[in-house]
Structures are given as structure tokens and as C-alpha cells.
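>>> Give me a model of this one.
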Amino acid sequence: VYDEVLLDSFVSGTLDRLHLLPPEGYAALISGLSACGHTPTKEWLDRFCLETYARMSRLNGRELAGCAYSLMRLGHRPSDAWLAGLQRAARGTFGTSSNAPALAKLVYAMAKLQARPSFNWMSAFMSEARAKLDMMTGRELVVVLWSVAQLQHSPDPLYMEGWFRCTARRMESLSLADVQLVLTALVPLSRGRPAPLKFAGALLPRLQALLPSCSGAQLSELLWGLVNLRLRPPAPWMDALMAELVAKLPSLTSSQLADSCWSLGRLRYQPPARQVQAITQRVGALLPSMRAIQLGLIIWGYQQMQCAVPDAWMQLLGQRAGQEGGLLPAGSSSSTLGPHQMVDLLERLAASNTAESRAAAATASSVSSGPPAARQDNPSGRVARASRSALDVIKAA
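The predicted model follows:
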């Protein structure tokens with residue numbers, strides 16, 4: 001039973017005795033407080049960091065990871081000097097006292113604490129993690145990859161080959177949160193490359209089993225992840241997803257609905273008429289608060305799915321595009337916009353917006369890259385190269 005008064009008394013009594021603890025006692029103490037969910041005072045945490053900093057060379061890999069992970073859970077960010085000392089001490093434990101759980105805790109804590117490890121340190125960590133891939137659980141594999149992506153480090157091809165192999169074997173053990181982390185991590189790391197077939201063959205059935213437990217927002221995120229990983233599920237899989245998505249349409253916001261329609265257009269999925277009608281009704285309900293770039297993405301998705309676009313949407317798009325500075329392409333009107341002209345309009349909207357759409361402007365330049373012939377013959381390919389920054393702008397709008 002958690003007793004806050006008792007723990008407060010205990011913690012205050014240890015403040016002046018922290019220097020008397022043996023090295024292994026620091027990890028045990030902070031891990032226990034973290035497990036209880038009891039946050040000491042800032043003075044106590046600062047003293048704890050000072051004492052552990054002076055003794056880091058005497059802590060093994062599991063103890064170092066435990067200290068960093070527990071401080072992160074307690075919401076306390078140590079100083080940059082402490083984090084630098086942690087990296088030096090942890091590197092000395094690679095190959096000796098760092099096991100698979102410790103590596104996962106260490107890199108996750110560093111990512112959450114916004115540490116800035118050097119390239120050499122990350123290379124040493126990845127070598128150690130690669131040697132222990134077969135010893136990691138599914139959750140640990142996911143956490144390590146997500147953390148590495150957050151630390152803006154790209155694993156080498158040899159590591160990714162092993163990671164895909166081990167994660168595919170443990171796919172059945174992954175929860176919905178784990179799968180979301182997988183997609184979040186792989187999107188920036190894949191750089192447009194498709195996922196290996198064996199990995200995709202394990203991921204899609206696991207996702208299908210998790211679909212009923214997904215919220216509308218999570219389904220939208222899953223669709224976006226599939227597009228960015230260049231995974232095109234079979235028709236029965238998409239039918240199951242669409243059934244769940246349509247059932248959760250009332251919970252979708254304008255940005256989530258725009259994401260979903262864009263993704264469905266990229267996947268070239270053609271939903272049944274009754275599902276299109278349900279989506280159209282939800283779009284109609286959200287039209288008063290919808291930005292031009294959101295409406296444009298929805299219309300583009302409809303065009304790619306070969307669904308009829310209501311005239312009222314096209315007229316409203318022309319009005320709001322003008323209000324937001326995204327003039328229609330020369331020689332076109334809102335009623336005659338084709339798919340590639342729609343992309344031109346989205347680029348104009350992204351370029352004309354101010355601070356909240358700087359990321360979309362970057363996406364527009366990425367989307368418009370490539371030879372002119374390719375842009376005209378395959379306009380959807382331009383949208384396919386959209387980066388995560390476009391999604392951020394859509395969500396922020």
C-alpha cells in the first residue's frame with residue numbers, strides 16, 4: 001500500500017546520508033521510488049544526481065540504466081554534465097555488464113531526457129545492441145529502435161536486417177502501443193524504402209488482429225504509416241480496416257479525416273458506396289471548421305479513389321484557397337481541378353501559410369521534386385513523397 005507520508009519521511013531522512021550508500025544502493029533506491037510513483041523534492045533529486053555522478057565509474061551497466069530510467073520516470077532531467085558522465089560510464093560497460101533490458105532502458109531514458117550523444121557513442125551502442133538482438137523481447141526491440149530514431153541516429157543496414165528478422169519472430173507479442181511505436185520509428189528511418197516482405201507478412205496480420213481495439217485517431221495513424229512504409233495491404237485487410245474506420249468516423253477531427261482520405265488515396269483503395277457516403281457525411285459536418293489544405297487533401301484522396309467529389313466542396317475549396325492565399329493554378333477553376341492541379345494548389349497553400357505551415361512548405365518542395373514528365377504522368381507520386389512534416393501541419397491547423 002502506497003503511503004505518501006511514510007515515503008516523504010523516509011526520503012527526507014536519507015538526504016544527508018546519500019553519500020554513505022554503496023554503489024548498488026543508488027540504483028535500488030531510485031528504482032524503488034520510481035516503482036512507487038513517489039517523486040522526491042528537487043533538492044533531494046539534485047543531491048542524488050551529484051552523488052551518483054561522483055560514483056558512476058563504480059556502477060555496472062544495469063545500475064546505470066536503472067538510475068537514468070528511474071529519473072526519467074520521476075520527471076527529473078539531470079544536468080548535461082550528468083548525462084555526459086552517464087554516456088562515458090555506460091560505454092565502459094558495453095560487452096561486460098550491460099544486458100538487453102539495460103540497453104533498452106538506457107537508450108529510452110536518454111531519448112526521453114533529450115540527451116545528445118555523439119555519433120561515436122551511438123555507433124558503439126548500436127554495435128552492442130546488434131550483438132544482443134536475439135536476446136531482446138519484442139517490446140525491447142521496439143523501444144530501442146524508437147529511441148534511436150528520436151536521437152536522430154540511423155542504424156546501419158546490418159542492424160536493421162537483424163532487427164526486422166527478430167521483430168518479425170516476436171510480432172505476436174507486440175501490443176497496439178508497440179506497433180504504433182514501430183510505425184513511428186520506421187517512417188523516418190525507412191527513407192521511402194519498402195519494408196522487407198517477411199516483416200510485412202508478419203506485421204499486417206498482427207495489425208488486423210489489433211484493429212478492433214484502435215481508436216479513430218489510431219486508425220488514421222496506422223494508415224499513414226502503411227503509406228510511408230510502402231505497404232499495400234490486400235483487399236480483405238483493407239475491408240476490415242474500413243469497417244472499423246467508418247464505425248469510428250464521429251470521433252475523427254478534420255485533420256485526422258484529411259490524413260485518412262489522403263492515405264486511402266495513396267493506397268488506391270476503392271471503398272463501397274455506403275462507406276463513401278458515410279465519409280462524405282462526416283466531411284460535410286466538419287466543413288465549417290475545415291482549412292483549405294485539409295479539404296484539398298480530402299478531395300485529392302477522393303479523386304485517387306475514383307469517388308465523385310461534391311460540387312459544393314470544390315466551390316468551397318476555391319473560396320477558402322483564395323482567403324488563405326493559395327490562388328488556383330493558372331487556367332483552372334475549382335470545378336476543373338484534376339489530381340496534379342490539386343497538388344499544385346496544395347503547394348501554393350503550403351507556401352502561403354505562415355509559421356504554422358513552415359513544415360508544409362518544406363513538404364511542398366519535396367513533393368514537387370522530379371522530372372516534369374514524371375510530375376505530369378504520375379502526380380500521385382509527388383504526394384507519395386510527402387514527409388511527416390505535412391502531417392504535422394495538417395494536425396496543427
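>>> Just the element for Leu189, please.
helix 176-190 (DSSP states H and E).
>>> ok, and what's touching that helix?
Helix 176-190 has contacts (CB atoms under 8 Å, 6 or more residues apart in numbering) with 138-139, 142-143, 145-146, 148-149, 154-155, 160, 167, 174, 195, 203, 206-207, 210, 213-214, 218, 221-222, 224-226, 228-229, 388. For the C-beta atoms, the positions are set from N, CA and C on the backbone; glycine is no exception.
>>> Make a PyMOL selection of whichever of those turn out to be buried.
In PyMOL, this line selects whichever of the contacts of helix 176-190 come out buried by 16 or more other CB atoms under 10 Å:
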select buried, resi 138+139+142+143+145+146+148+149+155+160+167+174+195+203+206+207+210+214+218+221+222+224+225+226+228+229
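>>> In strands, which of the contacts of helix 176-190 fall?
In strands, judged by DSSP state E, none of the contacts of helix 176-190 are found.
>>> just to revisit the earlier point, mean confidence (pLDDT) on the helix holding Leu189, please.
The pLDDT scores in helix 176-190 average 92.
>>> Would you mind listing the buried residues in it?
For helix 176-190, a neighbour-count test (16+ other CB under 10 Å) marks 176, 178-187, 189 as buried.
>>> Then stretch 306-318?
In terms of neighbour count (16+ other CB under 10 Å), stretch 306-318 has its buried residues at 307, 309, 313-314, 316-318.
>>> Identify, from those, the entry nearest to Leu346.
Of all those, Leu346 sits closest to Leu317, with 10.4 Å by CB to CB.
>>> And the helix or strand that contains the closest one, what does it pack against?
Element membership of Leu317, judged by DSSP H and E, is helix 311-323. In terms of contacts (3 or more CB pairs under 8 Å, 6 or more residues apart in numbering; DSSP states H and E), helix 311-323 is packed against helix 292-304, helix 339-352.
>>> Low-confidence stretches in this protein?
Within the chain, the stretches with pLDDT under 70 are 323-340, 348-397.
>>> and the nearest residue to Leu15 once chain neighbours are set aside, what element?
Nearest residue to Leu15, sequence neighbours excluded (CB to CB, 6 or more residues apart in numbering): Trp44, at 5.5 Å. Using DSSP H and E, Trp44 maps to helix 42-54.
>>> immediately after that helix, which helix or strand?
Per DSSP H and E, the helix or strand that comes after helix 42-54 is helix 61-73.
>>> all helices of the stretch 51-200 of the chain, in order?
Listed in chain order, the helices of the stretch 51-200 of the chain (DSSP state H, counting those that start in this stretch) span 61-73, 80-93, 100-112, 119-131, 138-150, 157-169, 176-190, 197-210.
>>> And whichever strand or helix holds Ala27, what's buried?
Secondary structure assignment for Ala27, by DSSP H and E: helix 23-36. Neighbour counts over helix 23-36 (16+ other CB under 10 Å) mark 26-27, 29-31, 33-34 as buried.
>>> Same question for stretch 45-62.
45, 47-49, 52-53, 56, 59-62.
>>> Format the buried residues of helix 176-190 as a markdown table; extra columns: distance to Val343.
A markdown table is the format used below for the buried residues of helix 176-190 (distance: CB to CB, whole Å):
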| residue | distance to Val343 |
| --- | --- |
| Leu176 | 33 |
| Asp178 | 35 |
| Val179 | 30 |
| Gln180 | 28 |
| Leu181 | 31 |
| Val182 | 29 |
| Leu183 | 25 |
| Thr184 | 26 |
| Ala185 | 28 |
| Leu186 | 25 |
| Val187 | 21 |
| Leu189 | 26 |
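>>> Most widely separated two among the residues you listed?
Largest separation among those by CB to CB: Leu176 and Leu189, giving 20.5 Å.
>>> so Glu244 makes contact with Leu219?
Yes - taking contacts as CB atoms under 8 Å, Glu244 lies within contact range of Leu219: 6.0 Å.
>>> Among these two, which residue is more densely surrounded?
For Glu244 versus Leu219, neighbours defined as other CB atoms under 10 Å are more numerous around Leu219 (24 against 18).
>>> isn't that one right next to Leu245, touching?
Yes - counting by CB under 8 Å, Leu219 sits close enough to Leu245 to count as a contact (5.0 Å).
>>> Need the overlap of contacts for these two.
Residues touching both Leu219 and Leu245 by CB under 8 Å, 6+ apart: Ser260.
>>> ok so, going back, extract the CA atoms of the helix holding Leu317 and return them as PDB.
What follows is helix 311-323, C-alpha atoms only, in PDB (Å, rounded to 0.1, in the frame of the first residue of the first chain):
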ATOM      1  CA  ASP A 311     -19.500  20.400 -56.400                       C
ATOM      2  CA  ALA A 312     -20.000  22.200 -53.100                       C
ATOM      3  CA  TRP A 313     -16.600  21.000 -51.900                       C
ATOM      4  CA  MET A 314     -14.900  22.300 -55.000                       C
ATOM      5  CA  GLN A 315     -16.600  25.700 -54.700                       C
ATOM      6  CA  LEU A 316     -15.700  25.900 -51.000                       C
ATOM      7  CA  LEU A 317     -12.100  25.000 -51.700                       C
ATOM      8  CA  GLY A 318     -11.800  27.800 -54.300                       C
ATOM      9  CA  GLN A 319     -13.200  30.300 -51.800                       C
ATOM     10  CA  ARG A 320     -11.000  29.200 -48.900                       C
ATOM     11  CA  ALA A 321      -7.900  28.900 -51.000                       C
ATOM     12  CA  GLY A 322      -8.300  32.500 -52.000                       C
ATOM     13  CA  GLN A 323      -8.900  33.500 -48.400                       C
END
